[in-house]
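Asks: Starting from these lines, generate the structure:
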Amino acid sequence: MQITIQPKRALYILTFIAALLTLNACSSKVNLEPKANTDTPIAVTVATPSSGEKQSINISGQIEAAQSANISTRVMGYITMLKVKAGDHVSKGQLLATISNQDIMAKRAQADAMIAEAEAALKNAQKDYDRFTVLYKQQSATAKELDNVTLQLASAKSGLEAAKQMRNEASAQLNYTNLTAPFSGIVTQKLADAGSMANPGMPLLTIEQAGSYQVSASVPENTIDKIKAGEKAILSISAINKTIDGEVTQINQSSQYTGGQYIIKIGIPDNDKKGLYAGMYVDVSIPLTKAVATNNDQDAQVLVPTASIENRDQLTGLYTISSNNTALLRWVRLGKKYGDKVEVLSGLDKHEQYIVSADGKLYNGAPVKIK
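Replies: Residues are numbered from 1 along each chain as shown. The predicted model follows:
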């Protein structure tokens, strides 16, 4: 069956379709075009992240115990007792381990026997000396005989003293077989077990003083002259999301054994040591009392307040001002945190202004005015 459409009717249909297409295109165009914003401009405060000068020295460090000790022995022998383990709290003078000491006990017994023998010899020599002294006064003994007994008495005294010193040596070695804690702290490492052979100087345990934490950081040679003892240092510990105000307490004057890096120590206030553990990594920022111009503009870090950062899902950004005086959300890539500031690695120019705070809710395209 063939359907016939009148030319006039076909013209009406084509005209209707064309009108629909035109209306749809206009509607899409309207949606794509930005809507004129007639809202009242939001007052904002702006700042520049960097001016080509270093405002602070930013380095990395690690938390360590201010006092630590490797427990070892000066004698060779089997470990007969080692009951402590990593994480145990120990007190000063507490017995930690014992080393087999049968051979040293035998040496001390020999020294005791030699002392007894030397005391007997000294007693006999003293009697001979007293006897010959009387005889010499009575002119019944010669001066030569008196000299001989005098020498015998001195030799007996020396023999007794030597025997006593041998016993002192054995007693000292015996003390090395009982290892005690030099201070109160926590056992952080256990490097041997009972039954193992202990060698002189071989660490068996490591003890760190509890709560006595500080930060050790490495400073390059082109920066060390700008750091002085007593200066403030901002410590950012990402592991526990904590920021601490510390103080530079020590500066190593040599880098001979540290690969050209100078080691500095930063003290931590007692009330901020809770929750810290030795080995945690720290971002250290030492503010400079005077900004230092950099030879290379790349050395100037782009630091912005963490409060100005916007977090959207897995993205981070901050608001800048467009040429039309509207808020423009700029996505950025962040680096290390330094106290209340964070480093911007990309997405923001060193001399570009960004919005620090606003008197209202910001959004993309919101009209703004600088205070």
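Asks: And the helices in the protein?
Replies: For the chain, applying DSSP state H gives helices covering 7-32, 102-137, 143-175.
Asks: Could you take these and lay them out as a markdown table, with extra columns for mean pLDDT?
Replies: A markdown table is the format used below for those (pLDDT from 0 to 100):
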| stretch | mean pLDDT |
| --- | --- |
| helix 7-32 | 54 |
| helix 102-137 | 93 |
| helix 143-175 | 93 |
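Asks: So which of those helices is nearest Gly195?
Replies: Comparing the helices of the chain by their distance to Gly195 (CB to CB), the top pick is helix 102-137, with 15.6 Å. Bear in mind the C-beta positions are built from the backbone N, C-alpha and C, glycine included.
Asks: can the helices of the chain go into a markdown table with extra columns for distance to Gln214 and mean neighbour count?
Replies: Converted to a markdown table, those look like this (distance: least, CB to CB, whole Å; neighbours: other CB atoms under 10 Å):
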| stretch | distance to Gln214 | mean neighbour count |
| --- | --- | --- |
| helix 7-32 | 60 | 9 |
| helix 102-137 | 39 | 15 |
| helix 143-175 | 32 | 15 |
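Asks: got those as CSV, with distance to Gln94 columns?
Replies: Shown next, in CSV, are those (distance: least, CB to CB, whole Å):
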stretch, distance to Gln94
helix 7-32, 78
helix 102-137, 22
helix 143-175, 15
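Asks: Among the ones you listed, which comes closest to Asp313?
Replies: Of these, the one closest to Asp313 (CB to CB) turns out to be helix 7-32, at 24.8 Å.
Asks: So for Ser346, which of the helices of the chain sits nearest?
Replies: Closest to Ser346 of those is helix 7-32 (CB to CB; 29.1 Å).
Asks: which residue sits closest to Ile42, ignoring its sequence neighbours?
Replies: Leaving aside its chain neighbours, Ile42 sits nearest to Gly360 (4.2 Å; criterion: CB to CB, 6 or more residues apart in numbering).
Asks: Dig out what Ala233 forms beta bridges with.
Replies: Beta-bridge partners recorded for Ala233 (DSSP bridges): Gly246.
Asks: tally of neighbours for it?
Replies: Counted with other CB atoms under 10 Å, residues neighbouring Ala233 total 27.
Asks: How is this protein partitioned into domains?
Replies: Split into domains by automatic domain parsing, the chain comes to 42-50+301-370, 58-66+212-292, 68-100+177-208, 103-162.
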